[in-house]
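1. Below are the sequence and a predicted model for it; my questions follow.
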Amino acid sequence: MRSSYLLKFLLPAAFAQHDNGGDENGTANTTIVTSDGAGTQTQSGDHVIQVGDGGFVFTPDTVTAAVGDKIQFVFHPMNHSVVRSTFDDPCVPTTEGTIFSGFVPVDSGTSPNVFIVTVNDTNPAWLYCSQNRDSHCQNGMVMVINPLTTGPNTLAAYKEAATKTSESISPPEIVGGEFSNTNNSVSPNGASPPLHGTSRATEMTSNV
Ligand SMILES: [Cu+2]
């Protein structure tokens with residue numbers, strides 16, 4: 001684990017510009033083609049999720065993905081994260097199959113770095129943003145990959161349960177995915193996530 005993961009970067013300026021809900025995609029490999037509600041896709045097997053585009057939202061908030069598909073999270077301004085929880089415990093990380101992107105502060109536009117999660121199974125994966133400043137998860141910043149089509153475990157129910165939690169928990173380190181810089185070619189082995197720019201700084205303490 002690189003020590004840079006643990007560095008704290010306080011970037012209050014990132015919070016000052018949270019008003020550009022309709023910012024453009026400025027990066028080459030994040031061309032968005034909106035599909036019919038099954039997700040936003042670039043090419044077969046890839047799903048692009050906008051994180052915090054215009055508020056406490058993942059867009060789209062429901063994705064149907066196959067094993068081997070890659071979910072690409074594109075970060076918008078403020079300082080969001082992607083974390084996996086169970087359905088029953090929103091805003092709290094899972095203890096198995098953990099996913100955590102770290103916090104990705106963005107001043108404007110979108111982060112050049114996207115967080116990529118490869119789908120390992122088709123079980124529902126419930127995700128939230130663990131930013132406690134302004135209570136993102138409690139304000140409904142949640143989504144799901146592969147929800148069941150019947151039964152009570154709906155995104156609406158998960159979101160409702162999230163509103164009743166008091167705070168969000170972040171795992172101690174980035175896990176369950178890897179970063180790729182959309183301005184450069186993807187690292188072939190994924191061994192060294194690029195985390196050395198200001199927009200890539202990881203804020204591991206969310207109470208900022
Ligand atoms: Cu957030």
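-> Thanks, I have the structure now. Numbers count the residues shown, from 1 in each chain.

2. Let me know whether stretch 134-152 sits next to the ion.
-> Yes: contact check for stretch 134-152 against the ion, using CB under 5 Å from the ion: residues in range are His136, Met141. Placement of C-beta: from N, CA and C, glycine included.

3. Please read the previous query as pertaining to stretch 153-168.
-> No: residues of stretch 153-168 contacting the ion under CB under 5 Å from the ion: none, with a closest distance of 9.0 Å.

4. So which bits of the chain are right by the ion?
-> Taking CB under 5 Å from the ion, the part of the chain that reaches the ion is made up of His80, Cys129, Gln131, His136, Met141.

5. again, only this time at 8 Å
-> If contact is defined as CB under 8 Å from the ion, the residues of the chain in contact with the ion are 51-52, 56, 78-81, 129-131, 134, 136-137, 141.

6. Just the buried positions in stretch 76-89, please.
-> With burial defined by 16 or more other CB atoms under 10 Å, the residues of stretch 76-89 counted as buried are His76, Pro77, Met78, Asn79, His80, Ser81, Val82, Val83, Arg84, Ser85, Thr86, Phe87.

7. about what we covered before: separate out the buried members of the residues of the chain next to the ion.
-> Neighbour counting with 16+ other CB under 10 Å marks 51-52, 56, 78-81, 129-131, 136-137, 141 as buried within the residues of the chain next to the ion.

8. in stretch 116-128, what counts as buried?
-> Of the residues in stretch 116-128, those with enough neighbours to count as buried (16+ other CB under 10 Å) are Ile116, Val117, Val119, Ala125, Trp126, Leu127, Tyr128.

9. how about these in JSON lines, adding secondary structure and pLDDT?
-> Output for these, formatted as JSON lines (DSSP: H, G, I helix; E, B strand; the rest coil; pLDDT from 0 to 100):
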{"residue": "Ile116", "secondary structure": "strand", "pLDDT": "97"}
{"residue": "Val117", "secondary structure": "strand", "pLDDT": "98"}
{"residue": "Val119", "secondary structure": "coil", "pLDDT": "97"}
{"residue": "Ala125", "secondary structure": "strand", "pLDDT": "98"}
{"residue": "Trp126", "secondary structure": "strand", "pLDDT": "98"}
{"residue": "Leu127", "secondary structure": "strand", "pLDDT": "98"}
{"residue": "Tyr128", "secondary structure": "strand", "pLDDT": "98"}
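
10. For the chain, just list every one of the strands.
-> 33-34, 40-41, 46-51, 58-59, 62-63, 70-75, 78-80, 83-85, 104-106, 113-118, 125-128, 142-145, 178-181 (DSSP state E).

11. Least reliable of the ones you listed by average pLDDT, please.
-> Ranked by mean pLDDT, those end with strand 33-34 at the bottom, a mean of 38.

12. and the longest helix along the chain, what does it pack onto?
-> Criterion DSSP state H: the longest helix present in the chain is helix 155-163. Identification of packing neighbours for helix 155-163 by 3 or more CB pairs under 8 Å, 6 or more residues apart in numbering; DSSP states H and E yields strand 142-145.
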